[in-house]
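Undergrad: Starting from these lines, generate the structure:
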Amino acid sequence: MGKGNLNSCCCNDVGTDRQRATRRRSATRLFDRLRSFFRRGVEPKVEPAPAPEPGHVRGVVDHVIILDGTMSSLEPGQEGNAGLLFLLLKEMGPRANRRLYYEPGMQWEGWVRGLALIEGRGVAPQIQRAYGWLASGYRKGDRIFLFGYSRGAFAVRSLAGVIDRVGLLKREQATERAVRLAWRHYERSPSSATAQAFVRRFCHDEVPVEMVGVWDTVAAMGIRPPVFWMLASDRHRFHNHNLGRSIRHGYHALALHETREAFAPLLWDCPPGWEGNVEQVWFRGAHGDVGGQLGDFTAARPLANIPLVWMLDRAEVLGLALPEGWRARYPCDPEAPMVGTWRKWGKWFVLRRRRVVGRDRSERLHPTAVAAAGKRWPQAVGIGLQAAKPEP
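TA: So this is what the prediction gives:
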């Protein structure tokens, strides 16, 4: 080959490398803009545990993560049961043995973000933010409590799935880059040799999740009215929302009267031989009733308080400290009216189907829902009633 040909080849190689580098930089900038877009307007509420006093040893810390559902927040009139849980815990003030994290659900802020909401975008960044926060403060022996409603319920179950499949980064390794790498292994191939090497080097050996408490997990990640049905792709198939070996206690409050197919519930399948404790309990009401997402229909609050109190009871039994006398704040009435499925934008959802009850051995009827189930779900009465108290 002549000298001119060699120079030509070298120039072509250099040009190709430059083009590749330019494409990589462009892709990186685009990725950063997208991440910035989904972070815009997201303001997680964080309450750190104060440092121990001089001479005192740091004890076991409870890390509490609460991820709310779409359109739910801490704004007056927008608080659901997840938000009320955060406010209840927050009023106790900084505690030496607790860290607290709350993130509101995705809001409708113009048609661009509205389209993202419809398509179910933003879930991955939400999980990564919570994962990074948890990793930055967790130490071996601490306890983890995860709570969520609707899409936030899907997110915290997936967060537990990341911990189960990939592990939790060690505190000193919890950089933004490491969080993205952990997510990449979770998304693509957590069992690959590369992923396993990453886990051994950067993650804790085992991290148990003390409790996952969720209100009405939905299978669809976006708001999916018929007009936009084709816009919502199945991009969330890789998520692990199952009962993994890391979960010790799983509690799921389910809406007996929800009929919208877009709000189809995503139950846990309790595998044979699973050693944890799981309860999936059906309550009277629709999706918003069980999650406390009531809008201005405050008459349904005494009904929504029933699954809220049920969840708080379970958390308290497991040792999560709550303010003294908290039950008196949430009066319950099983005969209170339901917010239902037809109010406001609920009319958009024309595809409807009665939910199937009693497919998994972990399902129970709450005592306040037995009468309602007997009328429309006679086969469900046979699944029995919940236990009065969970075993710690």
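
Undergrad: Run through the strands of the stretch 201-350 of the chain in chain order.
TA: Ranges of strands within the stretch 201-350 of the chain are 211-215, 249-255, 277-283, based on DSSP state E, counting those that start in this stretch.

Undergrad: mind listing what's buried in stretch 191-205?
TA: For stretch 191-205, burial by neighbour count (16 or more other C-beta atoms under 10 Å) applies to 195, 198-199, 202-204. All C-beta atoms are positioned from the backbone trio N, CA, C, and that covers glycine.

Undergrad: Rebuild those as CSV, extending it with pLDDT and distance to Glu176.
TA: Shown next, in CSV, are those (pLDDT from 0 to 100; distance: C-beta to C-beta, whole Å):
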residue, pLDDT, distance to Glu176
Ala195, 93, 19
Phe198, 95, 15
Val199, 95, 18
Phe202, 97, 13
Cys203, 97, 16
His204, 97, 19
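
Undergrad: will you turn the strands of the stretch 201-350 of the chain into CSV that also has distance to Arg129, mean neighbour count and mean pLDDT?
TA: Listed next are the strands of the stretch 201-350 of the chain as CSV, based on distance: least, C-beta to C-beta, whole Å; neighbours: other C-beta atoms under 10 Å; pLDDT from 0 to 100:
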stretch, distance to Arg129, mean neighbour count, mean pLDDT
strand 211-215, 18, 29, 98
strand 249-255, 23, 25, 98
strand 277-283, 27, 23, 96
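
Undergrad: Chain neighbours aside, what residue packs nearest to Thr70?
TA: Spatial nearest neighbour of Thr70, chain neighbours left out: Gly105 (4.4 Å); criterion: C-beta to C-beta, 6 or more residues apart in numbering.

Undergrad: which element is that neighbour on?
TA: Assignment of secondary structure by DSSP states H and E places Gly105 within no helix or strand.

Undergrad: how many neighbours does it have?
TA: Around Gly105 there are 25 other residues, counting by other C-beta atoms under 10 Å.

Undergrad: what's near enough to touch His204?
TA: Taking C-beta atoms under 8 Å, 6 or more residues apart in numbering as the contact definition, His204 lies against 138, 140, 167-170.

Undergrad: cutoff 6 Å now
TA: For His204, the contacting residues are 168, 170, taking C-beta atoms under 6 Å, 6 or more residues apart in numbering as the criterion.

Undergrad: before we move on, what about the one 5 residues further on?
TA: Under the criterion of C-beta under 6 Å, 6+ apart, the contact list for Val209 reads 144, 160, 246-247.

Undergrad: quick one: Ala155 and Pro125 touch, right?
TA: No - between Ala155 and Pro125 there is no contact under C-beta atoms under 6 Å: 10.2 Å.

Undergrad: Compare the two and say which is more crowded by neighbours.
TA: Ala155 (31 against 17).

Undergrad: Now the more buried one. Nearest residue, chain neighbours left out?
TA: Counting by C-beta to C-beta, 6+ apart, the nearest residue to Ala155 once its immediate chain neighbours are dropped is Leu67, at 4.7 Å.

Undergrad: Including distance to Asp333, could the strands of the stretch 201-350 of the chain go into CSV?
TA: Formatted as CSV, those follow (distance: least, C-beta to C-beta, whole Å):
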stretch, distance to Asp333
strand 211-215, 18
strand 249-255, 17
strand 277-283, 13
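
Undergrad: mind checking which of those strands is nearest Ala174?
TA: strand 211-215 (21.2 Å; C-beta to C-beta).

Undergrad: partners of the closest one, with directions?
TA: Taking DSSP bridges as the criterion, strand 211-215 sits next to strand 143-149 (parallel), strand 249-255 (parallel) in its sheet.

Undergrad: For Pro52, which of the ones you listed is the nearest?
TA: Among the strands paired with strand 211-215, the nearest to Pro52 by C-beta to C-beta is strand 143-149 (17.0 Å).

Undergrad: So what touches that closest one?
TA: Among residues not part of strand 143-149, those counted as contacts by C-beta under 6 Å, 6+ apart are 62-69, 80, 82, 155-156, 160, 209-215, 291, 320.

Undergrad: same thing with stretch 302-314?
TA: By C-beta under 6 Å, 6+ apart, the residues outside stretch 302-314 that reach it are 81, 213, 251, 253, 283, 285, 289-290, 292, 330-333, 336, 368, 390.

Undergrad: how about the CA coordinates for it, as PDB?
TA: Output for stretch 302-314, consisting of C-alpha atoms alone and laid out as PDB, is shown next (Å, rounded to 0.1, in the frame of the first residue of the first chain):
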ATOM      1  CA  PRO A 302     -63.700   8.600  56.500                       C
ATOM      2  CA  LEU A 303     -63.800   5.800  53.900                       C
ATOM      3  CA  ALA A 304     -60.300   6.500  52.700                       C
ATOM      4  CA  ASN A 305     -59.000   6.600  56.300                       C
ATOM      5  CA  ILE A 306     -59.700   2.800  56.600                       C
ATOM      6  CA  PRO A 307     -56.800   1.700  54.400                       C
ATOM      7  CA  LEU A 308     -54.700   4.500  55.800                       C
ATOM      8  CA  VAL A 309     -55.200   3.300  59.400                       C
ATOM      9  CA  TRP A 310     -54.700  -0.300  58.300                       C
ATOM     10  CA  MET A 311     -51.300   0.500  56.700                       C
ATOM     11  CA  LEU A 312     -50.200   2.700  59.700                       C
ATOM     12  CA  ASP A 313     -51.100  -0.200  62.100                       C
ATOM     13  CA  ARG A 314     -48.900  -2.500  60.200                       C
END
